[in-house]
Every structure is written in structure tokens, then in C-alpha cells.
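*Asks:* only geometry, no sequence info:
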């Protein structure tokens, strides 16, 4: 007995929170916030993020005006919320709010951090929320090891790690989708109370309310969350078949309050809908139902118009998720499938298995991937469009690792699980470290990394964020007042870099190679003509600088003769 | 020397005690072991799944660790690039070009001597390779996804060369082209001296050598440019037809040295290559005689070749005129090249 260790353990045990699962959740939240904040400055501003930063600031300014001059603010509503009204406002408002709290004021004073980092702190909060939920779900399904492994399996996928940083919509909607499903599961797990037993009814009502709030927040972030009600309906009907057969539509009545709460949150957090609501709602849905198909490289083929290859999301997942993590996730899916079969065939023998849970995880783990597989659905943007599937796969993967440890050597289950976890996570960690911050260019060892993927003819990168790695060179070498053609980086992005002092303020914006002294070529096969136009205009095919990942060009900078010092 | 055998006499009979089963023979022992082994495999149990899963995770994890640890070693270092640059600066001659394998290894453009043209083509079969006599194939042989297809294609077209030179993570192989394509005139390079007209009105070249025409929309221009055709750079004469100017555009090149053939290509640039309802017509005259018409089909992406016989004028210097027309001029940016071959 070591008295010091004993005293230390008692001290730690006395610290809040007292349960292991809560400590895991808190620990993961802190780790996520710290790592995201530390690694975010290297991540560039993508096209969509630049728009969300601008929109977020406008929204936050409008809410400040509401607090001071509500009547005046009403007349400015459209001016503020007309910015990027293709997407609802919640995530952007959070980014605007964290910016208002943490960034320097108009005089450049009193800021805790840079403008970009202040916006992104909102994104880190969503990432931390997802970590908390992953730890809780992992713990629930596979104990302490599950709580440790599930967030690690999710975040050590380089593309997921990347998407944890920018102030975008994909990670928030993933976190809120996961939150909705987990709270729906808790709602289902509380059986309806008997008359007179108010505690159970209140708990059920509470989880229904949480489900509604989470769903409302999810649809207030991004439109793909609208698929949640039909997906959960499928689950509910499949797991309550007798009741649905008996009560018909009335069986679904308990879900109505959650739906109403969700819709309430949607409208409340998106002032754009506060007048001309129906036409604007119609425009919103029509925009997403008729979304443009951006050209996209896939196995040497330029995808332009439907029908798109059904295999696309499966192949891209297989080529971007680290191989051992992929194996854990696929193993987790098969494990859940086998447990579901057992629950269906022999419910009396394996009472510990919840067929409802298995089905819920399977449906959500596969749905978003299957949705993008549909040939008419636009195929672009890589894994971020089926990101909501990945937390479920991470939890199932974590449980599969833990179960394998228990099955292979029951007496040394923890040690076996630890060995499996090391083989799963160590190469993934190496990949994250190697690839950061070029997350949109990340490919796994099965693809051969960025180099192998380039040979396979996969999309090199997307939306302009990789330019961040060329900023220092441009600052150092471009002539004073040089006109720069930034191509895939938006004007808003360059303004954001300049605001934080990361891009020289004297550099001017150019729309074409013809106008420019310096041209920043982002390697996209569909925009090759921009590079060759630069060659024509600048009378050279030799770049002056470049950003390369494993020898694969991501960015190449060209300059007119005399425009580069 | 003879080694004595340990067996000094015949093998003794096996001892069998009354009432006991005889000990199993070796064959029976083997059969029992095989049976035990097979019973481990069948029927399938949870343990089998766990073993397969663990094997997959450990196997792929070990491969992942090996892959990421080896990747920097497999790729060329800065010193390798500098060595290749120094070697090429010393060895290259006029008429040399560098080809990249894999074609994405375009860091070479940044590092190699600017006097050396760099080609990053995915194939060399059927490529003209204008004015190139020798090709230095710069390869990254250890890069993931690398293959020798470009080596094979260039070997087919070459009459000789050197053995590959290894420079760390790089490899340089020289191919001497058996039949280099050296045109008597490559017309895109002679645009500055050409007469360009829209209908019958002459167009003027600006300081950058771009021809613009009177009373024509700003988008209408005729220039020598490098444009993307199916993702590849094609130096060409760029003629941007406009719906507001439905008159023929004519480019007349003076005193072009002719050979036996006039060879060229046409393409529509950008997204417009996927659209259109009528072809773009390119009429070619030598002197005042039309020798052929090349048609760039609508909605058919590609670098489409044409070739006309000029044997009757071989050895002479004559005017060559190209006239561009289309019944669907809307967004028809035409890129074409033409050269006279001996």
C-alpha cells in the first residue's frame, strides 16, 4: 500500500465530476478545445468559410442592434440576414458571437485572440460538443475504453481533424445530428410512465424536449439535418411495429412535440424567415434541391453532371480514412449487424443486446454515405458531406475493438484492446501530423497518400484554404502594391487574412491573369485553363514559389517579370 | 570414415498391455491434430470474427506505420532535385525537353533551368512533341502509385538514349526521338506578322500582341495563347467567336514555307466544349485555293487533328489563310494550331 498514491487517488476521486463517464467527457472536451485552438492558425480560410465569417459578423452586429434599438434593427434585418441566406443562421451566429466576445474591437484593442481564431472558437465549441457526445456514447456502449477510443477514432481521421477547425457548417451539423440521435435514444429508453408516476413521464418529456432542441439546432445549421425525422421514423416504426400496426398514426403522436420544438428553434434562430416566411422557405428548399453540380475529379474522370457513380462515397471513404481506423469502423458495422441479427432471431437468449440500439447506430452510420451515393445527388466536397455518419462508425469501431479484446483473451482484455488500439490509432496519428493543415488533400495509405491519390486521378484539394501556406512567401517577395490574382481564395478570405496581419495590406486584388502581377494557382483539374492563361499572360511556365504535399503541387505562385523580389 | 548407426539391431515389437488401447500411430496422431485444428475453424464462432478483425486491424495498422515512416525516404530530397538540376543544366542541348513521371511531379517547373521546356503529359503516344529531339524523363520511381508506362511509351518512340541515372529519389533517362517533329513553320508563333480581319475589316494588334477588331464586342480577340484542352496545355491560336459579330474571322499568314503537309488541331476551350449546336468551321487556303476544311464538332471535347496535302506547293513560300465561321457562335472559344511539315 502506497500512502501517497492512496492519498492522490482519494484527492482525484473527490474532484468533480465524480463519474468516470463525465470525467472522460470533460477530458475530451478540454483536449479538443486545446488541440483545435493550438493547430487552427495553420489552417487556411476556404471559400465557404470566408462567407460564413462575414455573415457571422453581420448577424452578431444585428443582434447587438436588437439589444439597443430593436425597432431600428427590424428595418436592417434583411441587410444583415440577406448575407448567405442559402443557409440558416445558427452556426454563423455562434461564430459571430464568439468573435464579438474574443476579438479585438474596432480600434484593435482588448482582443483575447485574432479575429479568425475568435470566429473559429465557435467551431471549436461544436467540435468539443462532438467529443463529449462521442465519449459518452463510447462509454455507454463499451465502457471506459469505449469512451477513450470513440473520440480518438473520429478525430484521428485527417479530414475530420481538418474539419474540426474552420468556422463551417459540416462539423456543427455532425455534432448536432449525433446529439439528436443520442437524445432520441434516451427518449426511447424511458418507457411511458404509468398513471400517477410523474417522475418517469417528466424524464421522458425532458428527453423529448432535448431531442426537439437538438433537432432544431441541427436544421438551423445545415439542410442535411432535415433527413433526421424520416430516418428516425424508419427506426421508430421498425422497433415499434406492433404499436404502429395497432395505433396507426397515433403511435407517432409522442414525437410531435419534439418536431414542433425543432421547427420553433429553426424559425427563432433564423430571422431571415421572420417575414415573407413561406416564399423564403420555398426558395431555401429549392436552392438545395437544385444545387449546382461542381466539377469534381474522381479516379481520373471529371464528374460534371448526373448520374454520378454510386461507389463514389464508399471509394472516397476507403481512400481517406486511415486504413486501420477504416477496418475498425467496418468491423464495428459488421459487429452491430451481427448483434442485430441475434436480437431479431433469438431475443430471449441474448437479453443484453438491444436490437433498437444496433439498428439506430447502423441506420445512422450508413445513411449519410448512402444518401450521397444516390446518382442524382451532387458529388463534391469530399467526406464532409457524409460526415454525420462518421461519429456512429467511430463509436461502433470503438466497441468492436473493445469486444475483440474481451473475446480474444478474456483474462487480459484490457491489454489486448490496448494493443489493437495502438495499431489502429498510431498510424492515424502519424497521418494527421504529416498532413496537417492540408486536410482537403488528405488521402490514406491505401491510396498511397497525396502522391498515390494524384496518380489515381483523385481531387487534389478544394475551396482555396491551402493558399495559407504561401502567404509568408507572398508577403516576403511580392513587389509593393502588387496586384494578386488569388483565384480560388475569395476576396473576403484575403480581407480576413489582411485584417489579422497575415497578408500585406498593400497587396491589391486582381480578377484575372491579365490584370495581375502575381498569380496564385490552386491545383484543380477543372481550372487548368487558369494556370495556362497565367503562362500566356506572364510569358513563363516557371512558378516562383509553390506549396507541395509529398511532392504533389497544391499551390503554385507565378509572377510577371520584375514583380517578384 | 563410416558413422555407426544408432540402431544396432531390428526394431523391437511395440509393447501392448492387456486391456489397454494400443498407442496411436503417427498417422492417427496427425489426423487427431488436424481434426482439432479444423474444429477451431468450423463451425464459425465469435472468436473467429475477433481473430479476423484483430488481424485486419494489426495488419493494416502495421502497414500504415510502415507507409508513413517510409514516405519521406521514398520521395526525392531537396538535394536530389538540385543534383538533377545541375545535371540537366550541364547536359541539355537545344531541342531537349523534360518529361515528368508521374506527370503530377511539377515541382520540376520550379527547380529546373527555365530554358528547358517541361512536359507533364499523362501519355506520349500520338503527341506531336513539336521541335523536341531528345526527352529527359525525370521520374520519381519510389513514389506511391508510380509505374513505368511513360518509359515504355517513350522507348517506343526513341532510337536510343542512356541508361537511367539514379539521383536519390529521382531518376533521369534520356530518350532520343527516332522521328522528331520539326515543322517548317509553326503558325501560332507567327501571329504577330499575320493579317487578321473580321468580315472585311482589319483588326489591330495591341501591345501584348492580341488582335482586337473594330465594332466588335470586347470579348472578341485573336491571340497566341496556351489553353487547356482536356486538362493539357496547348499552345494555339485562340479565336473567341461572339454572337454579336457573326462575320467570318480570317487570319492570313504571309510567305509561309510549305512542305508536303499542313497539319494541325482544333478544340473548344472551357465548359463551352460541352455545349453548342453546330460545328466551328476552319477553312484553310494556300494562296487563294482552299485546300481543306477542318470542322470542330459541337459538344465533343478533345484536341482534334486535321491534315491537308500541300505537296503541290512544297518548297515554296505562300500565303496561308484560315477562316473561322460557325452557325452557333455563342460561346465558341476556338483554339487551333497549324504547322507545315517537310
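*Replies:* It's in. Just so it is clear, the structure is predicted and the values come from calculations on it, not from any experiment.
*Asks:* what count of nearby residues applies to the closest residue to residue A:219 other than its chain neighbours?
*Replies:* Distance criterion CB to CB, 6 or more residues apart in numbering or on different chains; nearest residue to residue A:219, sequence neighbours excluded, is residue A:225 at 4.5 Å. Quick note: C-beta positions are derived from backbone N, CA and C, even for glycine. Residues within reach of residue A:225, counting by other CB atoms under 10 Å in any protein chain shown, total 25.
*Asks:* residue A:225 against residue A:176, yeah?
*Replies:* Yes - with contact defined as CB atoms under 8 Å, residue A:225 and residue A:176 form a contacting pair (6.8 Å).
*Asks:* what do those two both touch?
*Replies:* Each of A:215, A:218 lies in contact with both residue A:225 and residue A:176 under the rule CB atoms under 8 Å, 6 or more residues apart in numbering or on different chains.
*Asks:* find the nearest non-adjacent residue to residue 257, please.
*Replies:* Let's take chain A. Once chain neighbours are set aside, the closest to residue A:257 by CB to CB, 6+ apart is residue A:208, at 5.7 Å.
*Asks:* actually it's chain B I care about, not the one you picked
*Replies:* Residue nearest to residue B:257 in three dimensions, not counting chain neighbours: residue B:184, with 4.4 Å by CB to CB, 6+ apart.
*Asks:* could you point out which element follows the helix or strand that contains residue A:188?
*Replies:* Taking DSSP states H and E as the definition, one finds residue A:188 inside helix A:170-189. As assigned by DSSP H and E, the chain's next helix or strand after helix A:170-189 is helix A:198-219.
*Asks:* the helix or strand following that following helix versus helix A:170-189: what angle between them?
*Replies:* Taking DSSP H and E as the definition, the helix or strand that follows helix A:198-219 towards the C-terminus is helix A:228-239. Inter-element angle recorded for helix A:228-239 and helix A:170-189: 30 degrees (by axes from the mean of the first three to the mean of the last three CA atoms, to 10 degrees).
*Asks:* list the buried residues in helix A:228-239.
*Replies:* Going by neighbour count (16 or more other CB atoms under 10 Å in any protein chain shown), the buried part of helix A:228-239 is A:228, A:229, A:231, A:232, A:235, A:236, A:239.
*Asks:* would you list those in TSV and tack on distance to residue A:434 and pLDDT?
*Replies:* As requested, the buried residues of helix A:228-239 are exported to TSV (distance: CB to CB, whole Å; pLDDT from 0 to 100):
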residue	distance to residue A:434	pLDDT
A:228	35	98
A:229	41	96
A:231	36	97
A:232	39	97
A:235	39	97
A:236	44	94
A:239	43	93
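*Asks:* quick one: which of the residues you listed is nearest to residue A:499?
*Replies:* When the buried residues of helix A:228-239 are compared for distance to residue A:499, the smallest value, 36.8 Å, is given by residue A:228; criterion: CB to CB.
*Asks:* so the closest one sits against residue A:176, correct?
*Replies:* No - checked against CB under 8 Å, the pair residue A:228 and residue A:176 is beyond contact range at 9.4 Å.
*Asks:* returning to what we had before: show me what the helix holding residue A:188 is packed against.
*Replies:* When contacts are defined as 3 or more CB pairs under 8 Å, 6 or more residues apart in numbering or on different chains; DSSP states H and E, helix A:170-189 packs onto helix A:90-102, helix A:115-155, helix A:198-219, helix A:228-239, helix A:355-373, helix A:390-408.
*Asks:* list the buried residues of that helix.
*Replies:* A:170-188.
*Asks:* likewise stretch A:50-63?
*Replies:* By neighbour count, and taking 16+ other CB under 10 Å as the criterion, the buried residues in stretch A:50-63 are A:50, A:51, A:52, A:53, A:54, A:55, A:56, A:57, A:58, A:59, A:60, A:62.
*Asks:* in helices only, show me these.
*Replies:* Using DSSP state H, the members of the buried residues of stretch A:50-63 that fall in helices are A:50, A:51, A:52, A:53, A:54, A:55, A:56, A:57, A:58, A:59, A:60, A:62.
*Asks:* how many neighbours does the residue of the stretch 201-342 of chain B found nearest chain A have?
*Replies:* Here the stretch 201-342 of chain B gets closest to chain A at one residue, residue B:228, 3.8 Å apart by CB to the nearest CB. Residue crowding around residue B:228 was assessed by other CB under 10 Å; the count is 22.
*Asks:* ok, residue 120 - how many residues close by?
*Replies:* I went with chain A, as the question did not name one. Summarising burial for residue A:120: neighbours were counted as other CB under 10 Å, giving 30.
*Asks:* chain B, not that one
*Replies:* Neighbour tally, residue B:120, other CB under 10 Å: 19.
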